[in-house]
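Chemist: got a predicted structure here, sequence first:
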Amino acid sequence: MKMCALSIVLLLTTSALAGCVGDSGSDDIDIAGTSWMLTDMDMMSEPYGMELITIMTFSEDGSIEDFLLNTTSEGCPIGTVSHTEDESLCALDMSFSIKKEWRINDNGHLIISAVMVMRGDDFEMEMDEVTCNMMVGMTVEDEYMSHYSIENTVNWLDDENACEIGSEMKMTLILDDGNLVYHVVHPVMEDDMLVMACTVGIEWTGQTEWSESELATIQSLFSRCPAAIPYGAVVWDCRLDVRLDSLPDLSAQSFNDSASEHPGYPEWCGTIVPENLALDGSAPNLPPTEEFYGMNDGYGVFSRSGAKWMHYWVAQEDCSGLGGTWDEDYSMCSVPVDCIPEADSQLIYEECLDPPYARYHWSGDYLYIGKPSNSYGNTVLIQ
């Protein structure tokens, strides 16, 4: 029963993350103190129908209050309880500790954060660090919550004997005459299963069901959701690399800790790759040629600079046979790249690769590399 309740908790948490808005093109929109009656296409269809309608308030102190509208005679769903002041609302069972906040970032997007703390008495199992890591499969690695617009974290709180799961979601808003549409900043593919990728709503003034005119408004608002990218389209498949010299060590934990602080994937990640790519002659904005950026895949580090690459799987005794030299600072083999890359302000061109182009964005200790999604096994600038 408790694990069943968890699914409702995760749904509410996801709704809270998705249920907030940011407008990248307006400075005069104020959502503080407003309440909305929200739904999305998934909630409008089976198996839920109209039974799961979210009521959400953006409090002026930056916190979020969200409820489910109690639309059935059977009472509130598992994992929720009847609101003490309004029986038409179902509030989250407080045995699950969730903190939700909203803020608008420098780019005008609204960032929604949710942190859920899970303790051992919430489950029919012992809560320890191993169990906490298992929660990653239900959140961070979940296909319903895996997207460039979502940043997920999972931390074991040893002093509290609890698992802390956090997420941040970046949204864009259309707000018009008491109606709103909001969607994730980065595009969604037709086969993506992202929860509440595009949500619509009307102002909530206490109504307990949709009127016919409100339902018609809701249906019309869905036409303002961005079209999904066709299945099989070639898009920029992005990854995040971290500057090796910014880390205390090269452990997977160090990479994960640094990655949790990165400023967010560029908005072109996941968009369709244009045809006939070519360098435009603009000045490159790449890291210094000698600096290594890379990642730790759990087994070891693989990285590149502008002129060399390093992989953990090259043993010291095999290094010279590959034309490389052993780097004592990193304890890895450093091998010259097959061809020196050329670049402009957005693209990298390496003649010896197929396809030869990649897109990039450099932000201090972080380098974002986008490869065409139909390319496999290629080594571009930092891999």
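Modeler: That came through fine. Numbers count the residues shown, from 1 in each chain.

Chemist: quick check: Thr217 touching Ser211?
Modeler: No. Judged on Cβ atoms under 8 Å, Thr217 makes no contact with Ser211 at a distance of 9.2 Å. Placement of C-beta: from N, CA and C, glycine included.

Chemist: higher neighbour count, the two?
Modeler: Taking other Cβ atoms under 10 Å, Thr217 and Ser211 do not tie; Thr217 has more neighbours (17 against 10).

Chemist: which SSE is that one in?
Modeler: Per DSSP states H and E: Thr217 is located in helix 212-221.

Chemist: can you tell me the strand partners of the following helix or strand past that helix and which way each runs?
Modeler: Next helix or strand after helix 212-221 toward the C-terminus (DSSP H and E): strand 236-243. Sheet pairing here is set by DSSP bridges, and for strand 236-243 it gives strand 293-296 (antiparallel), strand 366-372 (antiparallel).

Chemist: can you show me the strands along the stretch 1-150 of the chain?
Modeler: Applying DSSP state E, counting those that start in this stretch to the stretch 1-150 of the chain gives strands spanning 34-40, 54-58, 64-69, 80-82, 89-92, 97-104, 110-119, 150-157.

Chemist: in the shortest one, which residues are buried?
Modeler: Think strand 80-82. Neighbour-count burial for strand 80-82 flags Thr80 (criterion: 16 or more other Cβ atoms under 10 Å).

Chemist: OK, contacts around Ser282?
Modeler: When contacts are counted by Cβ atoms under 8 Å, 6 or more residues apart in numbering, Ser282 touches 344-346.

Chemist: state the distance from the residue most central in space within the chain to Arg119.
Modeler: By Cα atoms, centre = their mean, the mean C-alpha position of the chain lies nearest to Ile150, the distance being 1.5 Å. Ile150 is 24 Å from Arg119, where distance means Cβ to Cβ, to the nearest Å.

Chemist: over to Lys100?
Modeler: From Lys100 to Arg119 the distance is 18 Å (Cβ to Cβ).

Chemist: give me the nearest residue to Ser149, chain neighbours excluded.
Modeler: Val184 (3.9 Å; Cβ to Cβ, 6 or more residues apart in numbering).

Chemist: isn't the one you found up against Asp192?
Modeler: No. Using Cβ under 8 Å as the test, Val184 is too far from Asp192 to be in contact (9.6 Å).

Chemist: overlap in contacts, the two.
Modeler: His147.

Chemist: the closest residue to Cys132 other than its chain neighbours: which element?
Modeler: Nearest residue to Cys132, sequence neighbours excluded (Cβ to Cβ, 6+ apart): Cys163, at 3.5 Å. Assigned by DSSP H and E, Cys163 belongs to strand 162-176.

Chemist: paired strands for that strand, with orientation please.
Modeler: Paired neighbours of strand 162-176 in the sheet (DSSP bridges): strand 110-119 (antiparallel), strand 150-157 (antiparallel), strand 179-184 (antiparallel).

Chemist: who wins for proximity to Tyr360 among those?
Modeler: With Cβ to Cβ as the measure, strand 150-157 is the member of these nearest Tyr360 (19.9 Å).

Chemist: quick one: buried residues of the closest one?
Modeler: Neighbour-count burial for strand 150-157 flags 150-154, 156 (criterion: 16+ other Cβ under 10 Å).

Chemist: wait, the residue nearest to the centre of the chain touches Glu168, no?
Modeler: Yes. Assessed by Cβ under 8 Å, Ile150 is found in contact with Glu168 at 7.1 Å.

Chemist: on that earlier part again, now the residue nearest to the centre of the chain, which residues is it bridged with?
Modeler: Ile150 has these beta-bridge partners by DSSP bridges: Met169.

Chemist: OK, contacts around it?
Modeler: 17, 167-170, 184.

Chemist: let me see the ranges of the helices in the stretch 251-383 of the chain.
Modeler: Ranges of helices within the stretch 251-383 of the chain are 252-259, 316-319, based on DSSP state H, counting those that start in this stretch.

Chemist: in the first one, which residues are buried?
Modeler: Think helix 252-259. Buried residues in helix 252-259 (16+ other Cβ under 10 Å): 254-255, 258-259.

Chemist: contacts for that helix next, please.
Modeler: 240, 242, 246-248, 295-298, 365.

Chemist: go on, the last one?
Modeler: Residues from elsewhere that reach helix 316-319 (Cβ under 8 Å, 6+ apart): 325-326, 333, 335.

Chemist: could you identify the most distant pair in those residues?
Modeler: Trp326 and Val335 (10.5 Å).

Chemist: per-residue pLDDT, Val140?
Modeler: Here, the pLDDT recorded for Val140 equals 50.

Chemist: domain-wise, how is the protein divided?
Modeler: Here the domain parsing of the chain from automatic domain parsing is 2-224, 236-372.

Chemist: what mean pLDDT does the last one have?
Modeler: It stands for domain 236-372. The pLDDT scores in domain 236-372 average 93.

Chemist: repeat for stretch 33-53
Modeler: 68.

Chemist: quick one, what contacts Ser35?
Modeler: Ser35 makes contact with 55-58, 203-205, according to Cβ under 8 Å, 6+ apart.

Chemist: which of those sits closest to Asp40?
Modeler: Nearest member of those to Asp40, counting by Cβ to Cβ, is Met56, at 12.5 Å.

Chemist: could you count how many residues lie near Met332?
Modeler: Burial of Met332 is recorded as 27 neighbouring residues (other Cβ under 10 Å).

Chemist: hang on, isn't it packed against Trp309?
Modeler: No. Contact criterion Cβ under 8 Å: Met332 and Trp309 do not qualify, at 9.7 Å.

Chemist: CA atoms of stretch 194-202 as CSV?
Modeler: Extracted in CSV, the C-alpha atoms of stretch 194-202 (Å, rounded to 0.1, in the frame of the first residue of the first chain):
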residue,chain,number,x,y,z
LEU,A,194,7.7,13.2,-20.4
VAL,A,195,5.0,13.8,-17.8
MET,A,196,3.2,17.2,-18.4
ALA,A,197,5.4,18.3,-21.2
CYS,A,198,2.7,20.9,-22.1
THR,A,199,0.1,21.9,-19.6
VAL,A,200,-2.9,24.3,-19.9
GLY,A,201,-5.1,25.9,-17.3
ILE,A,202,-7.5,28.6,-16.3
